[in-house]
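Peer 1: Sequence and predicted structure below; questions after.
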Amino acid sequence: MRPWFARNVDSPLGRLDARVKLALGFFMSVQVVLAGSPFCLLLLAVVGLLVYVSGRPTAFQVKLTAISLVLLVWGVMLSQGFFYAEHPRTVLVQLLPPNPLFRDGLNIYRQGLRYGLVQSLRLTAVLLTGYAICFTTEPDQFFRGLVAMRAPYSVSFMAVTAIRFIPIVAQEFATVRAAMRLKGYRPFQHGVRDTLATEVAGLRPVLAGAVRRSEEVALAIVTRGFAFGQKRTSLHETRLHPGHWAALLAMLALLLAVAACKALFWLYLAEIYYAPALRGLYQFTRDWL
């Protein structure tokens, strides 16, 4: 197994129940949508970083996460730098002068890069939390957590089976890439077209292996008489401890509080409902949320 697929189950985050970690992922996903101010987004990114550190990632996992974050932040900043439409805006780099296709030309705007940096904090918080959950949870823990949450057994089984395939497919892809390098392949050595054709050809054995392995798994399930409709038990039952319940209730309370503040503020902006006694709440939501 590749080093970045190691499961850090002995870390503080890894010892949590899978349901708590799934709830944490849902909590962060909703909070980054509700948040609007740079301070709140930065706070969520810091929380995501703390969650990630609590998973005690390995050096390989840190490298994978760093590469993902660099590509993510740079991509969001660059896209916003190109398509920023608010005013005022300052041209930082002009790639193309004004023309019939681009009325204002093709530019990178300073304000767009800044706006993209702030907005990338949303994805940063979710990415760090998601990586932390994946690096600290075994597939069977995911499965028991989903079943305990009353998710359909068939859906849970297929989802966990797909998760188990990810390291295998990644290993096969790495093997194919190593074979291509041994045969003298170098990206862009013979042009972009040749590189694209070679990359597509390299994916064919990986996809073929995935299809063949899925057929073998399906055949093994059928020959063993496995049926989704039968009642099944688990060797290790999952139970929520008082600390888990406290964490779930705290996340639920905070999520509802932020949602209520944003809803009241939106009603105020839309001139649907206004209460003078809530002026402090409106000001707090405008400045910090």
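Peer 2: Happy to help now that I have it. Numbering: from 1, shown residues only.
Peer 1: Assess the claim that residue 15 and residue 9 are in contact.
Peer 2: Yes. Counting by C-beta atoms under 8 Å, residue 15 touches residue 9, with 7.4 Å between them. Where you see a C-beta, it was placed from the backbone N, CA and C, and this is true even at glycine.
Peer 1: who has more neighbours, these two?
Peer 2: Neighbour count, other C-beta atoms under 10 Å: between residue 15 and residue 9, residue 9 has more, with 14 against 10.
Peer 1: before we move on, which element is the residue most central in space within the chain in?
Peer 2: Nearest residue to the geometric centre of the chain (C-alpha atoms, centre = their mean): residue 127, 4.0 Å. Assigned by DSSP states H and E, residue 127 belongs to helix 110-135.
Peer 1: Which secondary structure elements does that helix sit against?
Peer 2: The contact analysis (3 or more C-beta pairs under 8 Å, 6 or more residues apart in numbering; DSSP states H and E) places helix 110-135 against helix 18-34, helix 38-54, helix 59-83, strand 91-96.
Peer 1: what comes into contact with the first one?
Peer 2: In other words, helix 18-34. Helix 18-34 is contacted from outside by 13, 41, 44, 47-48, 51, 121-123, 125-126, 129-130, 133, 136-137, 141-142, 144-146, 148-149, 238, 240, 244, 247-248, 251, 254-255, 258-259, 262, 289, using C-beta atoms under 8 Å, 6 or more residues apart in numbering.
Peer 1: Show me which positions of that helix end up buried.
Peer 2: For helix 18-34, the neighbour count (16 or more other C-beta atoms under 10 Å) marks 18, 19, 20, 21, 22, 23, 24, 25, 27, 28, 31, 32 as buried.
Peer 1: now it and helix 110-135, what's the angle there?
Peer 2: Interaxial angle, helix 18-34 versus helix 110-135 (axes from the mean of the first three to the mean of the last three C-alpha atoms, to 10 degrees): 170 degrees.
Peer 1: same question, the longest one
Peer 2: Orientation of helix 59-83 against helix 110-135 (the same axes, to 10 degrees) gives an angle of 150 degrees.
Peer 1: How far off centre is helix 59-83?
Peer 2: Offset of helix 59-83 from its chain centre (C-alpha atoms, centre = their mean, to the nearest Å): 12 Å.
Peer 1: Residues contacting it, please?
Peer 2: In contact with helix 59-83 (C-beta under 8 Å, 6+ apart) are residues 2-4, 6, 52, 57, 92, 106-109, 112-113, 115-117, 119-120, 123-124, 127-128, 131, 135.
Peer 1: about what we covered before: drop anything exposed from the contacts of helix 18-34.
Peer 2: Taking 16+ other C-beta under 10 Å as the criterion, what is buried in these is 13, 41, 44, 47-48, 51, 121-123, 125-126, 129-130, 133, 136-137, 141-142, 144-146, 148, 244, 247-248, 251, 255, 258, 262, 289.
Peer 1: pLDDT weak spots in the stretch 151-289 of the chain?
Peer 2: For the stretch 151-289 of the chain, applying pLDDT under 70 flags the ranges 224-237.
Peer 1: Now do the strands in it.
Peer 2: With DSSP state E, counting those that start in this stretch as the criterion, the stretch 151-289 of the chain has no strands.
Peer 1: pretty sure residue 185 contacts residue 198?
Peer 2: Yes. Between residue 185 and residue 198 there is a contact under C-beta under 8 Å: 6.1 Å.
Peer 1: export the buried residues of helix 18-34 to JSON lines and tack on pLDDT and distance to residue 213?
Peer 2: As requested, these are exported to JSON lines (pLDDT from 0 to 100; distance: C-beta to C-beta, whole Å):
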{"residue": "18", "pLDDT": "85", "distance to residue 213": "25"}
{"residue": "19", "pLDDT": "87", "distance to residue 213": "30"}
{"residue": "20", "pLDDT": "89", "distance to residue 213": "32"}
{"residue": "21", "pLDDT": "90", "distance to residue 213": "28"}
{"residue": "22", "pLDDT": "89", "distance to residue 213": "27"}
{"residue": "23", "pLDDT": "91", "distance to residue 213": "32"}
{"residue": "24", "pLDDT": "91", "distance to residue 213": "32"}
{"residue": "25", "pLDDT": "90", "distance to residue 213": "28"}
{"residue": "27", "pLDDT": "92", "distance to residue 213": "35"}
{"residue": "28", "pLDDT": "93", "distance to residue 213": "33"}
{"residue": "31", "pLDDT": "92", "distance to residue 213": "38"}
{"residue": "32", "pLDDT": "91", "distance to residue 213": "36"}
